[in-house]
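>>> Structure here, sequence nowhere to be found:
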Ligand SMILES: Nc1ncnc2c1ncn2[C@@H]1O[C@H](COP(=O)(O)OP(=O)(O)OP(=O)(O)O)[C@@H](O)[C@H]1O
């Protein structure tokens, strides 16, 4: 649907978009996420033909945005960060004007305008001057303009910025409804927005793509997918002895005991290692029932900060597990790091 290849945009010496490549498939909601100044708007403006790139190529449904701008732009509806509204027009006048600009056939204009007003919930505002509308309604008018002509792709730059919580929910619902028929790309620096709405997330920082995956995969591949919270009924020393035999374990943080019959801990393993089944059988054999066992939940905030605070860190970067740096837990519980010598000594107990 959209192919972005090696896109670069320089403003003087400043590189706003730095060799960005990605592609967008039909029928999904893509989130373009990044801190302020990351290059989201610049990329969207280039994708929609608003500004030219320094180098690189963009194909929209096979049409090069520079060589076949009309064919490419026909596939796109765009809501820029500042919607291009004419404040002295009424909503209906403005949409009629937008329909003319988009070259929607005359005999279809009226019906389409009615439909997009209905879809965006602005029918009752048709005869109001745009300048007298609330920010939420102005945003809806901008959206109605983007949808006119029913383009296959709808690109929305920070669609909920400046709206109140009720308006945000309404616009999100509208975006989801639109995704039934359209491919949607939206930009945001708000994590909750992207995770609430998008199927796929592209994280951009300093003009570079630092992660690109489904929301679910991003969570799974991040730090934390290798930390397991475990509560077992039994004696701490017995549990410790058993776990020493599990070679995949890199670190154990023992939690303060809530009662003397249970032991809780957070286990860090090697990347992409699932020891749950092993632990299950091990604890069952030792007659120590597992009361709780789950992967530590990692928020999108954690992933975002991890990726944007350390530019070079890929999604699967390993956690710092240097023994010296393992802190004493705030709750006063001890933190144990398995070392290789200890590990070897207890390998047999795993058999
Ligand atoms: N016309 C311009 N002239 C010079 N520099 C610009 C221009 N437009 C954007 N920039 C710079 O390019 C970088 C990327 O800006 P851009 O607006 O694309 O970021 P963004 O991710 O959309 O940020 P925000 O969420 O704040 O809108 C920023 O450092 C910005 O200052």
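Alright, I've got the coordinates. Model, not experiment: these values are computed from the prediction.

>>> Write out the residues of the stretch 1-150 of the chain neighbouring the ligand.
Neighbours of the ligand within the stretch 1-150 of the chain, by C-beta under 6 Å from any ligand atom: 11, 14, 16, 34, 36, 37, 38, 39, 40, 41, 42. Where you see a C-beta, it was placed from the backbone N, CA and C, and this is true even at glycine.

>>> Just the buried ones from those residues?
Listed as buried from those are 16, 34, 38, 39, 40, 41, 42; burial here means 16 or more other C-beta atoms under 10 Å.

>>> Contact partners for the residue of the stretch 51-200 of the chain found nearest the ligand?
Closest contact between the stretch 51-200 of the chain and the ligand, by C-beta to the nearest ligand atom, is at residue 189 (5.0 Å). Residues in contact with residue 189, defined by C-beta atoms under 8 Å, 6 or more residues apart in numbering, are 33, 34, 35, 36, 38, 40, 158.

>>> Residue 136 too?
163, 164, 167, 170, 171.

>>> other SSEs contacting the one helix or strand residue 253 maps to?
Counting by DSSP states H and E, the element that carries residue 253 is strand 249-254. Strand 249-254 sits against helix 236-243, strand 262-269, strand 335-337, with contacts defined as 3 or more C-beta pairs under 8 Å, 6 or more residues apart in numbering; DSSP states H and E.

>>> Quickly list the domain ranges of this protein.
According to the TED database, the chain comprises the domains 2-221, 226-300.

>>> Drop anything exposed from the contacts of residue 136.
Burial by neighbour count, judged by 16+ other C-beta under 10 Å, picks out 163, 167, 170, 171 from those.

>>> how much space between the residue nearest the centre of the chain and residue 259?
Using C-alpha atoms, centre = their mean, the residue of the chain that lies closest to the mean C-alpha position is residue 201, 3.7 Å off. Residue 201 is 41 Å from residue 259, where distance means C-beta to C-beta, to the nearest Å.

>>> still on that earlier bit, mind picking the lowest-pLDDT entry from the buried ones among the residues of the stretch 1-150 of the chain next to the ligand?
Checking pLDDT across those, the minimum falls on residue 34 at 87.

>>> Once you drop chain neighbours, what's closest to it?
residue 204 (3.9 Å; C-beta to C-beta, 6 or more residues apart in numbering).

>>> Which helix or strand contains that neighbour?
strand 200-205.

>>> tell me which residues in the helix or strand that comes right after that strand are buried?
Once the chain leaves strand 200-205, the next helix or strand it forms, by DSSP H and E, is strand 208-214. By neighbour count on 16+ other C-beta under 10 Å, the buried set for strand 208-214 is 208, 209, 210, 211, 212, 213.

>>> So which of those residues is the closest to residue 25?
residue 212 (12.1 Å; C-beta to C-beta).

>>> Run through the residues that contact the closest one.
Contacts of residue 212 by C-beta under 8 Å, 6+ apart are 22, 200, 201, 202, 203.

>>> Dig out what the last one forms beta bridges with.
Each beta-bridge partner of residue 203 is listed here, defined by DSSP bridges: residue 33, residue 211.

>>> Test my guess that it contacts residue 195.
No: in this structure residue 203 lies outside contact range of residue 195 using C-beta atoms under 8 Å: 11.7 Å.

>>> quick one, helices of the stretch 101-250 of the chain?
106-120, 135-147, 165-178, 191-197, 215-221, 236-243 (DSSP state H, counting those that start in this stretch).

>>> relative orientation of the longest one and helix 135-147 in degrees?
Orientation of helix 106-120 against helix 135-147 (axes from the mean of the first three to the mean of the last three C-alpha atoms, to 10 degrees) gives an angle of 140 degrees.

>>> From the chain's centroid, how far away is helix 106-120?
From the chain centre to the centre of helix 106-120 is a distance of 32 Å (C-alpha atoms, centre = their mean, to the nearest Å).

>>> What is it packed up against?
For helix 106-120, the contact count by 3+ C-beta pairs under 8 Å, 6+ apart identifies helix 91-101, helix 135-147, helix 165-178 as packing neighbours.

>>> quick one, which of these is packed in tightest?
helix 135-147 (a mean of 23; mean count of other C-beta atoms under 10 Å).

>>> quick revisit: out of the contacts of residue 189, which comes closest to residue 84?
Nearest to residue 84 among those, with distances taken as C-beta to C-beta, is residue 158, at 14.7 Å.

>>> and the closest one, what does it touch?
So residue 158 contacts 40, 41, 81, 186, 187, 188, 189 (C-beta under 8 Å, 6+ apart).

>>> what helix or strand is the residue nearest to it when sequence neighbours are not counted on?
Counting by C-beta to C-beta, 6+ apart, residue 81 is the residue found nearest to residue 158 once chain neighbours are left out, at 5.2 Å. Using DSSP H and E, residue 81 sits in no helix or strand.

>>> wait, what's in contact with residue 81?
By C-beta under 8 Å, 6+ apart, the residues touching residue 81 are 41, 157, 158, 161.

>>> per-residue confidence for it?
85.

>>> Phi and psi next, for it.
Backbone geometry at residue 81, expressed as degrees, to the nearest 10, gives phi -60, psi -40.

>>> cool, and residue 291?
Torsion angles, degrees, to the nearest 10, at residue 291: phi -90, psi -30.

>>> what about it, distance to residue 253?
Using C-beta to C-beta, residue 291 is found at 17 Å from residue 253.
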